[in-house]
Structures are given as structure tokens and as C-alpha cells.
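S.K.: How does the following fold in three dimensions:
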Amino acid sequence: KTKMWDGVPGAVSIIILIILCCFVGMMEGMQIAFFTVVNLPEEELVKHKTVYQNCQTVFSGPNLQSFLIGRQICAASGMFVVARIMTLNYSEQDDNVLGVSDALQTFFNTGLLGAVITTILASLVWRVIASSFPIAFLSNPFIGPMIKLCLFFESTGVCSSVWLLALTQKKIAGYQVDELYIGTPDERCADEEEGFEIGADADGNVIIGY
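M.R.: Numbering: from 1, shown residues only. Predicted structure coming up:
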């Protein structure tokens, strides 16, 4: 007995649970995989057509931020349903699961056990796999449609306030683009040849050190 909506058969709940665990897991893994392959040289990515196309989509213009927002919407929505399926709902009149004590059954009913299991099966496992095998992970044919799904959900404006809040935080904290502190790749290569470094102080002033 779980907190799944009434009228949904147990077998259907299990199928939904498996599908959503895979769906949320891929959402979690995609983020890790993309930030892993971003450090690979482009000539290496070109060898893997699907991976290269997916990277071109995500890292094009503001798509990265949009993807991250849409990915979080999808992952949170999936987790919401998974949590209902995984949370036990036994009353005092019901027999305890596997004959455990009332105190332990009360703990099970809080949903913490389901949260731990869900975190492992629908998040951590996929993150470890994605970080260890990012190319293979992003070669999955489902990744492309899932990226488009994330971009679609972000385009609906459900979480459009994120952009305003992020801009506000940027203004308050005084964030600057990385190029201001470390320079562009071409500038860094030139600096290494010249024997000096470009950086910035806390106020954003450019500092050149030899």
C-alpha cells in the first residue's frame, strides 16, 4: 500500500515507477555528462555524431541555461510521482510490512525510506555512470528528444522567474564572465607564449602579472 492515486493497479504503478526512474535518471545523468564532455577537444566529439549534435544543441546561445531549467522541471515532476509510489501508507489497522515493529513502520510511512531508495536508483547511479562514460551516455538515441523536451518546458515560461532571480543575484554578487578573469582560449595561449598571466581582482579590475 502506497500513496499512489486510487484506482491505479499495483502492476501499473510498478511499470510507471520503472519508466520514471529511468526518465529522471537520464535527466540527472545528462547534466553531468554534458559538463564532462565540454572539456573534450572538438575533434574528439566530431567522431561521435550523436554526441556532437547534442552538444551543439545544448551549448548554442542561451540553450544551456534553458536546458538546465527545463531539465529541473522534468526531474522534479518525475520525482513527485515516484515519491507517491515509493511512500508507504499503512494505517494502524493494517499489518506492518514484513512484521516490523510499529515504530519502524511509522518511520517507513514518513517516506524517508522511499526517498533514500529513489535517490540511489533514480539519481546517484545514473550520475556515476554519466560521469564515468559520458560519450556512451550521450550517444543514447533518447538524449536528443529529451533535450528538446527540456527546452520546450522552459519555453512555456513555467519557471521564467528564474531568469529574473538569476539576474538579480548576478547584480548583487557582481558576477562577471570567466573570460574577464582568465581570458579567452586564444588570449591564454598567447599569454603562455609571452610569459605573463591575465586575471582580475575582487572589483573586476584586470590585472596582468609577469
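S.K.: Tell me where this structure has helices.
M.R.: Per DSSP state H, the chain has helices spanning 10-37, 42-45, 49-58, 63-86, 102-109, 112-119, 125-132, 134-138, 143-155, 161-173, 178-182, 185-194. These are given in chain order.
S.K.: For those, give me CSV that also has mean neighbour count and distance to Asp94.
M.R.: Backbone N, C-alpha and C define where each C-beta goes, glycine included. Listed next are those as CSV, based on neighbours: other C-beta atoms under 10 Å; distance: least, C-beta to C-beta, whole Å:
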stretch, mean neighbour count, distance to Asp94
helix 10-37, 18, 15
helix 42-45, 12, 55
helix 49-58, 17, 47
helix 63-86, 19, 17
helix 102-109, 14, 9
helix 112-119, 15, 16
helix 125-132, 16, 31
helix 134-138, 20, 42
helix 143-155, 17, 38
helix 161-173, 11, 42
helix 178-182, 13, 57
helix 185-194, 11, 63
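S.K.: Next, format those helices as TSV and append mean pLDDT.
M.R.: Below are the helices of the chain laid out as TSV (pLDDT from 0 to 100):
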stretch	mean pLDDT
helix 10-37	91
helix 42-45	86
helix 49-58	92
helix 63-86	89
helix 102-109	74
helix 112-119	81
helix 125-132	94
helix 134-138	94
helix 143-155	94
helix 161-173	89
helix 178-182	73
helix 185-194	65
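S.K.: closest one to Asp95 among these?
M.R.: With C-beta to C-beta as the criterion, Asp95 lies closest to helix 102-109 of the helices of the chain, at 9.3 Å.
S.K.: where does that closest one sit relative to the chain's centre, distance-wise?
M.R.: Centre-to-centre, helix 102-109 and its host chain are 32 Å apart (C-alpha atoms, centre = their mean, to the nearest Å).
S.K.: tell me the angle of it relative to helix 112-119?
M.R.: With axes from the mean of the first three to the mean of the last three C-alpha atoms, to 10 degrees defining the directions, helix 102-109 sits at 40 degrees from helix 112-119.
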